[in-house]
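Asker: based on what follows, work out the 3D shape:
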Amino acid sequence: MSIVKAWSFSTLQNFERCPYRVYLKNVEKAPEPEMPPDNPLVRGDRIHKEAEDYVTGVGVFTDALKKFKSEFEALRTKYAEGGVEVEQKWGFTQHWEPCTWSDPNNYAYVKLDACVHESPGKSTVVDYKTGKSWGKEVPHAQQLQIYTISAFMRNPETQLIQAQLWYLDEGKTRTMTYTRPQAGDMLVRWTPRIERLMNATAFPPKPNRSHCKYCPYGIKSGTAVCAYAVGDD
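Answerer: Numbers count the residues shown, from 1 in each chain. Prediction:
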């Protein structure tokens with residue numbers, strides 16, 4: 001039986017950086033510190049909510065979205081026509097059958113900012129990013145792969161997906177296009193990584209100044225509950 005009950009991209013990423021962090025969060029359920037309003041993650045969540053509210057027609061256009069004004073206007077129009085899903089919480093069983101997050105058989109958590117149904121055979125998945133893109137190219141591309149696989153699994157009729165990153169602060173985009181067979185090949189490559197997490201019975205710490213610095217259980221900005229955390233000294 002899996003010790004970790006369900007995975008997400010962030011959980012997998014944390015597991016590969018430091019398995020013990022995943023143990024503290026997902027198994028021990030160790031509390032995390034409350035983040036201040038100026039924390040980049042808090043800011044990012046706030047801007048995502050502003051984008052969601054604008055696209056769904058319940059909020060106004062905000063300054064944080066201004067570099068993508070025409071794109072958000074197009075999303076808002078298409079949402080009103082029923083062609084856009086926003087802030088979707090997709091769940092999947094171990095065999096990639098769609099389910100809800102609360103389903104006891106949920107094996108994967110996927111949260112997507114926007115999915116645009118362009119036509120019966122084509123969709124666009126969009127992930128909003130705040131902050132700088134430099135140095136994050138690889139994990140961002142990997143995250144898009146998970147979204148792409150998930151969108152194909154949710155929509156059997158879809159044969160082509162454009163996966164886009166919108167860097168809201170920088171005003172630039174990154175687009176990758178995948179066919180259904182390509183997504184199948186990606187899933188083959190992702191499966192061993194997912195299984196290593198889900199089959200794990202040991203969660204050894206991997207102290208690292210860079211990772212520990214931003215860990216919610218570390219010394220610098222966390223609760224210091226991790227006995228293995230290293231500081232700047």
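Asker: could you give the average pLDDT over the lengthiest strand in the chain?
Answerer: Longest strand in the chain by number of residues, with DSSP state E as the criterion: strand 108-119. Average pLDDT, strand 108-119: 96.
Asker: quick check: buried residues in the helix or strand that that strand is followed by?
Answerer: Proceeding N to C from strand 108-119, the next assigned helix or strand is strand 122-129, under DSSP states H and E. Within strand 122-129, the residues that count as buried by 16 or more other CB atoms under 10 Å are 123, 124, 125, 126, 127, 128, 129. All C-beta spots, glycine's among them, are computed from the backbone N, C-alpha and C.
Asker: just the CA trace of the helix or strand bottoming out on mean pLDDT in the chain, in PDB.
Answerer: Least confident helix or strand of the chain, by mean pLDDT, DSSP states H and E, is helix 209-214 with a mean of 90. Provided in PDB are the C-alpha atoms of helix 209-214 (Å, rounded to 0.1, in the frame of the first residue of the first chain):
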ATOM      1  CA  ARG A 209      21.300  25.000   1.200                       C
ATOM      2  CA  SER A 210      19.200  26.100  -1.800                       C
ATOM      3  CA  HIS A 211      16.300  23.800  -1.200                       C
ATOM      4  CA  CYS A 212      16.400  24.100   2.600                       C
ATOM      5  CA  LYS A 213      16.300  27.900   2.300                       C
ATOM      6  CA  TYR A 214      12.800  27.900   0.900                       C
END
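Asker: quick one: the helices in the protein, in order.
Answerer: Here the chain has its helices, by DSSP state H, at 9-17, 19-22, 40-55, 69-80, 137-154, 180-198, 209-214.
Asker: out of those helices, which is the most enclosed?
Answerer: Neighbour counts (mean count of other CB atoms under 10 Å) averaged over each of these peak at helix 19-22, with a mean of 23.
Asker: tell me what that one is packed against?
Answerer: Under the contact definition 3 or more CB pairs under 8 Å, 6 or more residues apart in numbering; DSSP states H and E, helix 19-22 sits against helix 9-17.
Asker: now do the helix it packs on, average pLDDT.
Answerer: 96.
Asker: now it against helix 137-154, angle please.
Answerer: Relative orientation of helix 9-17 versus helix 137-154 (axes from the mean of the first three to the mean of the last three CA atoms, to 10 degrees): 130 degrees.
Asker: if we can go back for a sec, so what touches the longest strand of the chain?
Answerer: With contact meaning CB atoms under 8 Å, 6 or more residues apart in numbering, strand 108-119 is reached by 6-9, 11, 48, 51-52, 55, 75, 78, 83-92, 96, 101, 123-128, 146-147, 150-151, 155, 194.
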